[in-house]
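# return a 3D structure for these sequence lines:
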Amino acid sequence: METSSAGDPHRLDASGGCPHADNARLLARGPVAAVGLPGGIEGVAVLGHDALREFLQHPEVAKDAAHFRALSEGRIAPGWPLLTFATVRGMTTADGADHRRLRSLVSRAFTPRRVAELRPRIEELTDSLLDGMEAAGGGTVDLRRHFALPLPMGVICELLGVDERFRDRLHQLSSHVVSTDLAPEAVLAANRELLAVLGEIAAGKAADPGGDLISALIAARDEGGDRLGQEELIGTLVLLIVAGHETTLNLITNAVRALCGHRDQLELVREGEAGWADVVEETLRWDSPVSCFPFRYPVRDLSVGGTTVPAGTPVLAGYSAAGRDKAAHGPDADRFDVRLPARPDAVRHLSLGHGAHYCLGAPLARLEATVALERLFARFPDLEPAVAEADLPRHPGFVGNSVRELPVRLVPVT
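As a prediction, the model looks like this:
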């Protein structure tokens, strides 16, 4: 790989781990790093804020895996853990008119106005989950499993029209999709099952449509023409299920961890010096729910942050690194500060993307996290971790950035 400043390839840890120390070390060398992907595939991660912002909107960068050189040359084995990211048929792997067509089919469900109409249901579901935790007698509870997960999973499944009996399995399969440490046979089995489950859900909706988003997508498929193909329907469901809850799950989990580890910042919110929306934005910057998101491909040799990235190279968007890039966010970028988002000189983070592929569900994720945090700390103001931060098991992979569980001690208001 020809690079002018990326240095020797950094092997990404497929089993996961906290990314921030590696990010800082790589950023010290430059905004772009050569990285080793699973299976010995060479890639690049764009880590610097300015370089990433430019790259995400560059007109000569594609999402379609037809531009993935190693894939077209047959060097990607079946069961490669990142293959779904590259080949699923949907918005995240489409360019130009195809991307606009697919995005338009679901975009109206995620406008700020439509999302605002969901607030009462989000509040109701949040309170129900908090009631359940309190009714269990307080004590220690895995907040990720019993609160941060069922809230966004419940909301996206209700929006899509997915029956509750499918939800636990869909989460488990989604976790496999974003994991980078599975054996090839496990990857293949998880992908087969995910497609089968989504196919069963779609068939049920085709037989008995309702007022949900899946029914609307099926209607678009069945209208004929080129609005939506069957593969694109299933690929769109994969995207909406995975992205519709995994990112928010990590966001809520990371925000609670940040506030518990920075009680002074929690007090600033309680004293009215910052809002819960500020907590959400600062968490997105300081501990992005996505560390390195696959993939984009230069369609020609491209200079990115002073580094030449050859055409067809799989490029990761290094959101967690960009959020702590001191060149953009100042010398205190490593510090969690809930007052930062409201400062007029604050640089807007990139953790929900930038450009044409900006996260479609951003308004929904922000609303869910804001409601969740406000009501959680109102109900349990003295909530505290039951396990030291260093002892929390990390998310299995370098795509998602969070912990697998978050045991906390609940102390209700008396």
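
# which residues touch Thr313?
With contacts defined as Cβ atoms under 8 Å, 6 or more residues apart in numbering, the neighbours of Thr313 are Met1, Glu42, Gly43, Val44, Arg69, Tyr297, Pro298. The C-beta positions use only the backbone N, C-alpha and C, and glycine is treated the same way.

# hmm, 6 Å instead?
Remark: with contacts taken as Cβ atoms under 6 Å, 6 or more residues apart in numbering, Thr313 is in contact with Val44.

# any idea how far it is from Val290?
Remark: distance between Thr313 and Val290 (Cβ to Cβ, to the nearest Å) = 20 Å.

# so, low pLDDT: which residues of the protein?
Regions of the chain meeting the criterion pLDDT under 70 cover residues 1-7, 137-138, 224-226, 413-414.

# and with 90 instead?
Counting by pLDDT under 90, the chain has low-confidence residues at 1-9, 13-17, 108-109, 112, 134-139, 177-178, 181, 220-230, 395-396, 411-414.

# where do the strands sit along it?
Using DSSP state E, the strands found in the chain span residues 10-11, 32-37, 41-46, 61-62, 139-142, 292-298, 302-304, 307-309, 315-318, 384-385, 407-410.

# out of these, which is the most enclosed?
Ranked by mean neighbour count, the strands of the chain are led by strand 315-318 with a mean of 27 (mean count of other Cβ atoms under 10 Å).

# ok, residues contacting that one?
Val44, Ala45, Val46, Leu47, Cys292, Phe293, Pro294, Arg296.

# mind listing what's buried in stretch 179-191?
Residues Ser179, Thr180, Leu182, Val187, Ala190, Asn191 are the ones in stretch 179-191 that count as buried (16 or more other Cβ atoms under 10 Å).

# for Glu374, state which of these is nearest.
Using Cβ to Cβ, Ser179 is the member of those that lies nearest Glu374, at 31.1 Å.

# that closest one reaches His395, doesn't it?
No: Ser179 is beyond contact range of His395, at 8.2 Å (criterion: Cβ atoms under 6 Å).

# count of neighbours near Arg101?
Close neighbours of Arg101, defined as other Cβ atoms under 10 Å, add up to 16.

# actually His99, not the one I wrote
18.

# any idea how far it is from Glu223?
Summarising the geometry, the distance separating His99 from Glu223, computed by Cβ to Cβ, is 20 Å.

# how far away is the most centrally placed residue in the chain from Asp50?
When Cα atoms, centre = their mean is applied to the chain, the residue found nearest the centroid is Thr247 (3.4 Å). Using Cβ to Cβ, Thr247 is found at 23 Å from Asp50.

# cool, Arg375 as well?
Applying Cβ to Cβ, one obtains 37 Å for the distance of Arg375 from Asp50.

# what of Thr370?
The span separating Thr370 from Asp50 equals 28 Å under the rule Cβ to Cβ.

# quick one: which of these two has more around it?
The residue with more neighbours, out of Thr370 and Asp50 and counting by other Cβ under 10 Å, is Thr370; that gives 21 against 16.

# wait, what's in contact with the more buried one?
Trp276, Ala277, Val280.
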